[in-house]
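K.L.:
the following comprises the amino acid sequence and a computationally predicted model.
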Amino acid sequence: MFAHFDFDVIGRSWVYLFKVGMAFTLELTLLAMLGGVALGTLLALGRMSSFKPLALAAAAYVNLIRAVPLVLVIFWFYFLVPYLAAWVIGAHEPVKVGTFWSALITFTLFQAAYYCEIMRGGIQAIPRGQVLAAQALGLNYWQVMGRIVLPQAFRNMLPVLLTQTIVLFQDVSLVYVLSVPDFVGAASKVAQRDGRLVEMYTFVALVYFVLCCLLSWMARQLQKRVAIVR
């Protein structure tokens, strides 16, 4: 099988793959994670709100997003949102969003639904007595959340948040359908240029395997370090 395997194509292109492709993948993953965690936390608070319309709206958003394949969301946002934005502002031409911003907004909105459920579980795991004690001391809702509940929830859920971020890192490869030069997209360009699809896609698979295994090991180690003994 490996008799005609051209290792030289990897040696010629690995700098380009990591400098352009992997840099884009990591940048999109990091920004989407930060935006997704922030929006997901707000959604979690909304789902637990005593104001029923807000709770129902947040629940509807989360359930809708989780029921739709990510690739459809990518296509929908990239092709339809420019027209919807033009309709909203009354423009005659579609609003140019761009592939990077389209991908970033899509992944942020999509991942927020999953981060929401993680954060909701972390918030609900905090003993009710701590909330009542904080309220008895005169702290309002946002002070209780910001000083008591959310710091503990983030600590408890940090390994799970990192695990979801690993899933996000893998999902970013779907921007390949928009011809974005992420790691997979960059490898595809080299593969088609040199006619070496097997070599390039095997190399991409190995890189993803090594990185995801390393990140998973780091998440497990972090879980042991931040675990709260009860």
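P.N.:
Cool, got the structure.

K.L.:
can you tell me how far the residue lying closest to D194 once chain neighbours are set aside is from F18?
P.N.:
Leaving aside its sequence neighbours, D194 sits nearest to V9 (Cβ to Cβ, 6 or more residues apart in numbering; 5.3 Å). For the C-beta atoms, the positions are set from N, CA and C on the backbone; glycine is no exception. In this view, V9 and F18 are 15 Å apart by Cβ to Cβ, to the nearest Å.

K.L.:
L174 now?
P.N.:
Per Cβ to Cβ, L174 is found 20 Å from F18.

K.L.:
more neighbours: which of V9 and F18?
P.N.:
Comparing V9 with F18 by other Cβ atoms under 10 Å, the one with more neighbours is V9, at 18 against 15.

K.L.:
got the contact list for the more buried one?
P.N.:
Counting by Cβ atoms under 8 Å, 6 or more residues apart in numbering, V9 touches V190, D194, R196, E199, M200.

K.L.:
from the residues you listed, list just the buried residues.
P.N.:
Neighbour-count burial (16 or more other Cβ atoms under 10 Å) is assigned, among the contacts of V9, to V190, R196, E199, M200.

K.L.:
does the first one touch S13 like I think?
P.N.:
Yes. Distance between V190 and S13: 4.6 Å, which falls inside the contact criterion (Cβ atoms under 8 Å).

K.L.:
shared neighbours of those two, which are they?
P.N.:
M200.

K.L.:
ok so, going back, and the residue nearest to D194, what helix or strand is that in?
P.N.:
For V9, the host element (DSSP states H and E) is helix 8-16.

K.L.:
helix or strand right after that helix?
P.N.:
On the C-terminal side of helix 8-16, the closest following helix or strand by DSSP H and E is helix 23-47.

K.L.:
check which element follows that next one along the chain.
P.N.:
In N-to-C order, the element after helix 23-47 by DSSP H and E is helix 52-66.

K.L.:
and the contacts of that next one?
P.N.:
Applying Cβ under 8 Å, 6+ apart, the external contacts of helix 52-66 come out as 43-44, 46-49, 73, 109-110, 112-114, 116-117.

K.L.:
quick check, nearest of those residues to T25?
P.N.:
Comparing the contacts of helix 52-66 against T25 with Cβ to Cβ places F110 closest, at 16.1 Å.

K.L.:
for the one residue sitting closest to the centre of the chain, give its distance to T106.
P.N.:
By Cα atoms, centre = their mean, the chain has its centre lying nearest to L168, at 4.1 Å. According to Cβ to Cβ, L168 and T106 sit 12 Å apart.

K.L.:
now do the helices in this structure.
P.N.:
Taking DSSP state H as the criterion, the chain contains helices spanning 8-16, 23-47, 52-66, 70-89, 99-124, 128-136, 141-144, 150-171, 183-194, 197-226.

K.L.:
turn those helices into TSV, including mean pLDDT.
P.N.:
Compiled in TSV, these are given as follows (pLDDT from 0 to 100):
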stretch	mean pLDDT
helix 8-16	82
helix 23-47	94
helix 52-66	93
helix 70-89	84
helix 99-124	90
helix 128-136	84
helix 141-144	82
helix 150-171	88
helix 183-194	86
helix 197-226	86
